Structure formats: structure tokens, C-alpha cells
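J.: Sequence and predicted structure below; questions after.
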Amino acid sequence: MGDTAVHSGSDDPNRRDFIHIAALAAAGGAGAMLAWPLVQQMNPSGDTLALASIEVDLSKVTEGMQVVLKWRGKPLFVRYRTAAEIASAQAADSEPLKDKEHSKDSERHVVGKPQYLVLVGVCTHLGCVPTFGGGDYKGWFCPCHGSQYDTSGRIRKGPAPKNLEVPDIAVLSDTMIKVG
Amino acid sequence: MSGQPSTYQPKSGFTRWLDSRLPILRLAHDSFVDYPTPKNLNYWWTFGAILSFMLGMQIITGIVLAMHYVPNATMAFASVEHIMRDVNYGWLVRYLHANGASMFFVAVYVHMLRGLYYGSYKAPREILWILGCIIYLLMMATGFLGYALVWGQMSFHGAVVITNLFGALPLVGESIRTWLWGGFSVDNATLNRFFSLHYLLPFMIAGVVILHVWALHVSGQNNPIGVDPKSEKDTVKFTPYATVKDGFGVALFVVMFGLFVFYMPNSLGDVNNYIPANPLVTPEHIVPEWYYLPFYAILRAIPNKLMGVLAMFGSIGVLFILPWLDTSKVRSMRFRPKAQIFFVIFVINALILGWCGHNPPDKFAIPVGEGGLTFVWLSRIGTAYWFAYFVIIMPLLGIVEKTRPVPDTISSPVLSGAATVEKA
């Protein structure tokens, strides 16, 4: 037992233990460094990200009309709301809403232009495309599982947990906005 | 593989030379020729061979389809139509593959219910059963990925709904979903990776099947009375007895398969999938393929999105712990009169859940006057029974049930029957 390089059976790590630990740590680190790019390659690629924003000309949308554009592979609703729709959306601000986060109508329409409402046209339940004009709240109605949204795109009834998403919007000029 | 001494005798000079270098013929002989099988196996035991046949069929037709299919969002649908119309016998290969998936699931459900009825998951076959559950999960994933490749309306929106399930997870849900998509929605990147994985998973299934058969040959096959063979009198050789019986079972199954492929190739599909994928329009009523319907019903039965997703995965997850939930000392339900009743209800309940999954949740399943029982409520009852069967009935029944007398050996019921005939 005079050879101290061999593990003596005690709990004290010796040189050989150190080599084992260091080798395993290096191999583990190398494995993790290889796994990272293999996982990351599945996230959105550069060209997908580059096409992530679009410019919209609001002057082409007339009162009471909804334009459906394709944005990030999903439908984007650009709606010119009538006075009645705006009024009912603002009146509903004080009602108990299911999704309370940024749920005031003034936080949802295009800044300074209450007539324009821009929404991601994807039901927050399981991703179907809602249609306009259906349901009890005269907003959007999802045909898949019956979720109903009001004229501000807020969830009012049905299984969907959240309001229709309002994308990031930058106002470029009087008639132009940038989405994304 | 069976743990018994090998009886293989190489006959020619070449096989002796091979045997001392790679004893692959010895392995095949010991596993599929000389291997002892219980002599009382019935036709429910031929579904293992049927499933092996279907796996081979799906891999071969799939490799052929991949020679003509284009995994690109703008060309995928057209390439499937190209296969149907222009490729020589393309229609046959595609119909074999599409209906083959359905037949694969028919066979796996029979195989699983056979295991459930005869207690094939009980000790010492727990690992065998769990490997089977893993194969089933891989099959479900493969089927879903393959269905998306057609890139029709139902493919696309089915993929949207299923990938959105992962979005229900708290905190990490949304980043997982984007990671699965490779973009901000189901799109070309998604289709590409689905194709890659759809090609990979069947070979993973084949790998787990090898482990499944290995585990089977260690514990030995269960049999209708659930009593392990005690002597050579209780068994017969795998070849010719099991091989011929399996072959006959496969032949009968292929007749049914052929009926679908040649006479009603689209009866199990959805017409909406002959419309090219359009992200801006959702089909009126989204339904998955028939083999997922009971689980889709369980998903929709729960009003909360996250809980619905957890219940759906849990309904399959509970199968993994079944060997420890069933407390009965008797393996086969042939001797468990009460368990038989609950088992039959379980099968009917699974079919009812499938019916619920096929229908809109708010429609009336059983109309009574103006109102009635809606499908969502029917599926809530069905979901409750599904879980109760595994986590309440199975553990309690094993303790309280009075079982019928179990024979000592596979041969003894026959012999005692012969004795009474002689006395009379």
C-alpha cells in the first residue's frame, strides 16, 4: 500500500481521480458545446428573421373593411373599424375580461388612430383562423372550438385563454405603419 | 436469446466456418426455429408477426415514396399528386403507405388489448410492456409527421394544432413552439424537419422492436391462461407451429388490408386533405386521423388548455405504470370474472371516446328534447372512466376480486378433462 498514486480507498481524491474528473469534465463540456448548435439549428434561420417585418399602407383600407395579409406565415388582420365598433370596444373596457393584460382598447389599436386595429389572426386556443362578424360580441369567431372575440380582439367567450395578439407596430407616417 | 442451451448444429463446412466467426444462423435458429412457445396460444398472438410485417411494409413503401416526394412547402402537395398520377404504380405505393398506417394502428390496438386482457404486462414482463408503450408512442409521432407531409389543408392545420399543444406549457411553451417550427408559424422549415424525422423514426421503432423481441425471448411468451410453461409437454417448437400460424394470420390480415387499398383507399382519410395547405383559411372542423381520436377527445374534455394537454399525454403515460397498478395475483382475465366486465367497458369506452373526438364538442351526442348530452360532456365521462380504470379499478379489483381456480399447468385442464370423460 506504499504506492500513493493508486487509489487508497479513502475519500480523498488523488491524482488518478483528478485525471478521471478532468477527462470527464472535458468530454462533457465538448458534448454540450456540440449539442448547442445541434439544438439551435432548429430555431428560425437568418432569412426567416430578415423577413420578419412588413410595411402596411393604411390608406388602402376603407371604413368597415378588413384586409388579411400574410405576416410571419400567419394571417394579419388590418381592420378599419366603424364608429359603432369603436364605441362598443371602449364600452367593454370596464367589463370583467378574461385576459386583463394590456386589455384597454386604447392600448390595442394603432397609436392615435382608434379606427385602425391590427391583430395576428390566430386563435390563442389552438391556432385556427377566426372569421370576422360572428359570435355574441360582433368581433371574431373561431370555427374550430367556438372562441369569441370582441371588436377589440379581446377573448370574451370560449376555450381560448388570451386576447388576439397585437403585434409590435411602428407608425412611419400618416398612412404607413411597420409591423414586426 | 432464450437463455437455453443452443441446439443448433451447423451442417455444411461453410456454416461451421461462419458459426465460429459470427453465430448469426445460431441466433436465428434458437430464436425462430427451436424456440419453445406455449402450445395453447390463440390467434390473438399472431398480431406480433402482423405488426412486424406492417413495419416492413411501411419502411419499404416509404423509401419508395421518398424517391418521388419533394419536402418543400411550395412543391410538396404537387409532388404527392405527381406520385398519384404520373409515377408508375405510384398510386399503389402511396395507398399502401397511407392505408398501411391505419392497418398498423389496427394491429397495434389489438396487440395492446390482448396484452391488457391476458395480463401480459405483469411480472416478469414489465420491461417488455414498457418497450411496447415506447414503440406505440414512436408510432404516434411517426404517423403525425407523415400525415403532415402531404401538405393538404388537414395536414397543415393538424400540424398547427398539435404543435400549439406545446405552447400550452408555462414559461418555456412559446420558445419550444418556435423551436419546433423553425419560424413564426408552421412553414417550409417545419415541413423539412418533419420529413427528416419521419424518415428517422421508423428505424428507431425497428431498434426498439429488437429490444422488445429480446425481452420477450428472455421472459418467454405469455399465453391465454397466464400460467408459465412448466415442462416440455406445455410447449411446441416455434417452427413450424408458430411460424405457420403467424403466416396464416398475416395472410388473413393482408386480405383486409387489400380491401382498403383496392376498393376504398380514401375511406379512412379526410377529403379536406385533397385541398392544398392554406395558412389563411382553417377548415370548418379539424379532426385528426381515426387512430388519435380517443386522445383528441380527452384533450378537448378539459376546459383548461394546459390541463387538457397534460390529460392527453397522461392517458398514454398511465400505460407505462400499469404493471404496478394491477395488484391481482392472477395474470389472465380468463380467471377474473369481474375484471372481464370492466375490460369490456374499457374497450367500449375507448370507442365512445373515439366517436366524441370525431364530432364537434357542442353537438348533442344524445339529444333529449331541446337539449341533451353534448359530446364534450360525454367525453368527460369517458375520460373519467379511462383514468379510473387504470388508477382505481385495477389496484382495488386485484385485492377484492374472487378469481376462478387457475390450472397448475397449461396441459392440466386438458388432461383432467380427459380423465372425467374416461370415468363416465
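T.: Right, received. Where do you want to start?
J.: count of residues packed around A:R15?
T.: Per other C-beta atoms under 10 Å in any protein chain shown, the neighbour tally for A:R15 reads 11. The way it works is simple: take the backbone N, C-alpha and C, and place the C-beta from them, glycine included.
J.: er, B:Y274 I mean
T.: Neighbour count for B:Y274, taken as other C-beta under 10 Å: 16.
J.: wait, what's in contact with it?
T.: Taking C-beta atoms under 8 Å, 6 or more residues apart in numbering or on different chains, we find B:Y274 in contact with B:G152.
J.: So the closest residue to chain A within the stretch 301-424 of chain B versus A:P159, what's the distance?
T.: Closest contact between the stretch 301-424 of chain B and chain A, by C-beta to the nearest C-beta, is at B:K305 (5.6 Å). The gap separating B:K305 from A:P159 is 7 Å, by C-beta to C-beta, to the nearest Å.
J.: what do the two both touch?
T.: Taking C-beta under 8 Å, 6+ apart as the contact rule, B:K305 and A:P159 both touch A:H125.
J.: And for the nearest residue to A:K74 once chain neighbours are set aside, the neighbour number?
T.: If the residues on either side of it in the chain are set aside, A:K74 comes closest to B:S185, at 4.7 Å by C-beta to C-beta, 6 or more residues apart in numbering or on different chains. Counted by other C-beta under 10 Å, the residues lying close to B:S185 total 22.
J.: what's the pLDDT at B:S185?
T.: Looking at B:S185, its pLDDT is 90.
J.: try B:H285
T.: 82.
J.: coming back round to it: just to be sure, the residue nearest to A:K74 is in a helix?
T.: No - assigned with DSSP: H, G, I helix; E, B strand; the rest coil, B:S185 falls outside any helix and is coil.
J.: pretty sure it is touching A:W71, no?
T.: No - counting by C-beta atoms under 8 Å, B:S185 does not reach A:W71; the two are 9.3 Å apart.
J.: Count residues in the vicinity of residue 70, would you?
T.: Since you didn't name a chain, this refers to chain A. For A:K70, using other C-beta under 10 Å, the count is 13.
J.: Chain B was what I was after
T.: If you count neighbours by other C-beta under 10 Å, B:V70 ends up with 16.
J.: Likewise for B:V344?
T.: Count around B:V344 with other C-beta under 10 Å applied: 12.
J.: The residue of the stretch 251-400 of chain B found nearest chain A: neighbouring residues, count only.
T.: Residue of the stretch 251-400 of chain B nearest chain A, by C-beta to the nearest C-beta: B:T282 (4.1 Å). Look at B:T282: counted by other C-beta under 10 Å, it has 26 neighbours.
J.: Backbone dihedrals for it, both of them.
T.: Torsion angles at B:T282 (phi, psi; degrees, to the nearest 10) stand at phi -100, psi 140.
J.: Quick check: pLDDT value at it.
T.: pLDDT, B:T282: 85.
J.: go on, A:L24?
T.: Looking at A:L24, the pLDDT reads 95.
J.: tell me which element it falls in.
T.: Using DSSP states H and E, A:L24 falls within helix A:15-40.
J.: How about the helix or strand that that helix is followed by and chain B, touching?
T.: Remark: after helix A:15-40, the chain's next helix or strand is helix A:46-50, criterion DSSP H and E. Yes - contact of helix A:46-50 with chain B (C-beta under 8 Å from any C-beta of the partner chain) involves A:T48.
J.: Centre of the chain to helix A:46-50, how far?
T.: Mean-position distance between helix A:46-50 and its chain equals 17 Å (C-alpha atoms, centre = their mean, to the nearest Å).
J.: how does the chain divide into domains?
T.: Assuming you mean chain A. By the record's domain assignment, chain A is partitioned as A:2-40, A:49-179 (automatic domain parsing).
J.: actually chain B
T.: What the record gives for chain B is the domain set B:41-222+B:231-286, B:289-403, from automatic domain parsing.
J.: These into JSON lines, with extra columns for distance to A:A23?
T.: Formatted as JSON lines, the domains of chain B follow (distance: least, C-beta to C-beta, whole Å):
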{"stretch": "domain B:41-222+B:231-286", "distance to A:A23": "29"}
{"stretch": "domain B:289-403", "distance to A:A23": "36"}
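J.: and of these, who's closest to A:R15?
T.: The closest of the domains of chain B to A:R15 is domain B:41-222+B:231-286. By C-beta to C-beta, the value is 40.2 Å.
J.: Distance from the chain centre to the closest one, please.
T.: Remark: domain B:41-222+B:231-286 is offset 8 Å from the chain centroid, using C-alpha atoms, centre = their mean.
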